[in-house]
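Undergrad: Could you work out the structure for the sequence below:
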Amino acid sequence: MKTLIIGEVTNKELNSGTLEIISKVRELNLEYEVITVGSSDVSKIGSDEFTNTYFKMNPNKLNLSSCANEINNLIVKSKYELILSNSTYICRDLIAFLSVDFKTSPVSNVTNFEISDNNLTVINNINGGESEYRTTVNSEYKFLLIRPKSFELEDILLNENFQTKEIEDDETSLDVFDVIVEEKSGPQLEDSKIVISAGRGMVESSNLSLIEDLAKKLNAAIGGTRAIVDAGWMPYSQQVGQTGKTVKPDVYIACGISGATQHQVGMKDSKYIIAINKDEEAPIFQISDLGIVGDTLSVIPKLIDNL
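TA: You can find the predicted model right below:
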């Protein structure tokens with residue numbers, strides 16, 4: 001099944017979601033090509049192992065419609081049947097344009113897919129990952145939006161072996177007057193080997209300083225539950241869970257988190273899970289490798305003192 005991967009450049013690099021999809025396609029031995037979209041100058045986003053064309057958009061224009069038209073032409077010309085994409089904001093918008101053009105419905109939040117005798121079966125998790133349902137996709141053009149961290153990431157040697165296609169502005173392009181970039185420091189949620197997340201068990205926002213101190217000791221990224229994000233304690237970019245980010249670190253430390261299904265969806269595939277909660281019946285302990293029953297505000301300082 002001839003396959004096109006639509007990826008994205010983030011911080012001048014191929015984002016991890018793109019590399020995960022490439023790893024999965026290589027595992028299935030599919031014939032594939034990669035296109036990546038972005039607006040920054042890049043260097044090492046190509047490889048000797050696959051063909052990559054960088055669709056470079058004007059950083060001063062919002063011209064996703066024009067970019068989608070170029071991808072449309074490529075799909076038709078090269079006769080791609082399976083189109084796999086990141087679930088980033090930009091890629092979701094591009095897939096929306098393309099699904100209208102090709103009069104088909106994309107499948108979102110895909111956690112896996114299988115191909116047998118040229119038949120495509122798509123797998124999605126439901127009930128917080130406790131169950132899955134399978135869908136056979138029979139449309140001529142099959143668009144899948146892949147959930148982050150669904151596939152194991154292989155080591156792929158990247159270099160400057162790629163082509164660049166400048167995306168021209170058209171009458172639908174909008175002017176970009178300002179870009180607000182959220183300041184980030186330290187390890188990031190998506191790629192950190194250790195993630196420390198906070199829940200309502202931290203009692204009040206001022207106690208998050210304990211999480212920050214522990215994170216500095218462990219060189220860890222910081223996340224949180226939807227409850228504390230909704231309360232304004234932490235920005236949405238740090239939310240872990242069904243409506244936030246999916247993480248898959250080597251170690252996930254849940255501090256004062258009860259472990260609702262919606263949160264588990266975003267972290268249950270971590271290699272090791274450590275939970276701290278004063279409620280011994282908290283659901284988080286059911287998926288933890290190590291559980292500490294105790295007051296989070298008392299346990300964390302002791303951890304910090306012993307590191």
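
Undergrad: Give me the buried positions along stretch 107-115.
TA: Along stretch 107-115, these residues count as buried under the neighbour rule (16 or more other Cβ atoms under 10 Å): V107, S108, N109, V110, T111, N112, F113. C-beta coordinates here come from the backbone N, C-alpha and C atoms, glycine included.

Undergrad: Same list (those) but as TSV, adding secondary structure.
TA: Output for the buried residues of stretch 107-115, formatted as TSV (DSSP: H, G, I helix; E, B strand; the rest coil):
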residue	secondary structure
V107	strand
S108	strand
N109	strand
V110	strand
T111	coil
N112	strand
F113	strand
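
Undergrad: Reformat these as CSV; add distance to L98 and pLDDT.
TA: Below are these laid out as CSV (distance: Cβ to Cβ, whole Å; pLDDT from 0 to 100):
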residue, distance to L98, pLDDT
V107, 13, 92
S108, 13, 91
N109, 17, 88
V110, 16, 92
T111, 21, 90
N112, 22, 92
F113, 18, 94
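
Undergrad: just curious, which of those residues is nearest to E140?
TA: V107 (14.4 Å; Cβ to Cβ).

Undergrad: OK, contacts around the closest one?
TA: Contacts for V107 (Cβ atoms under 8 Å, 6 or more residues apart in numbering) come out as V122, N124, T135, V137, K142, F143, L144, L145.

Undergrad: In strands only, show me the residues you listed.
TA: V122, N124, T135, V137, K142, F143, L144, L145 (DSSP state E).

Undergrad: List only buried entries from those.
TA: Among these, those classed as buried by 16+ other Cβ under 10 Å are V122, N124, V137, K142, F143, L144, L145.

Undergrad: measure the spatially closest residue to E31 that is not a sequence neighbour to Y54 for me?
TA: Excluding the flanking residues, the one nearest E31 by Cβ to Cβ, 6 or more residues apart in numbering is K2, at 5.3 Å. For K2, the distance to Y54 equals 21 Å [Cβ to Cβ, to the nearest Å].

Undergrad: more crowded one of these two?
TA: Y54 (20 against 13; other Cβ atoms under 10 Å).

Undergrad: that's a strand at the more buried one, yeah?
TA: Yes: assessed with three-state DSSP, Y54 lies in a strand.

Undergrad: what's the spacing between it and D41?
TA: Noted for Y54: a distance of 10 Å to D41, by Cβ to Cβ.

Undergrad: Repeat that for T164.
TA: From T164 over to D41 the distance is 10 Å, taken as Cβ to Cβ.

Undergrad: out of these two, which sits in the more crowded spot?
TA: T164 (14 against 10).

Undergrad: and the gap between that one and K77?
TA: 18 Å.

Undergrad: Now R26. Nearest residue, chain neighbours left out?
TA: The shortest distance from R26 to any non-neighbouring residue, by Cβ to Cβ, 6+ apart, is to E154 (6.9 Å).

Undergrad: Can you classify the one you found as helix, strand or coil?
TA: Criterion first, three-state DSSP; result for E154: coil.

Undergrad: Please report phi then psi for it.
TA: phi -80, psi 160 (degrees, to the nearest 10).

Undergrad: Assess the claim that it and S23 are in contact.
TA: Yes: contact criterion Cβ atoms under 8 Å: E154 and S23 qualify, at 4.1 Å.

Undergrad: what about the helices in the stretch 201-307 of the chain?
TA: Per DSSP state H, counting those that start in this stretch, the stretch 201-307 of the chain carries helices over the ranges 208-218, 226-230, 261-264, 296-305.

Undergrad: Pick the most buried one from these.
TA: Stretch with highest mean neighbour count among the helices of the stretch 201-307 of the chain: helix 261-264 (a mean of 20; mean count of other Cβ atoms under 10 Å).

Undergrad: can you list the domain ranges for this protein.
TA: By the assignment in automatic domain parsing, the chain contains the domains 3-175, 194-305.

Undergrad: Wait, a strand at G7?
TA: Yes: counting by three-state DSSP, G7 is part of a strand.

Undergrad: Touching, it and S16? I think so.
TA: No: G7 is not in contact with S16 according to Cβ under 8 Å; the separation is 10.1 Å.
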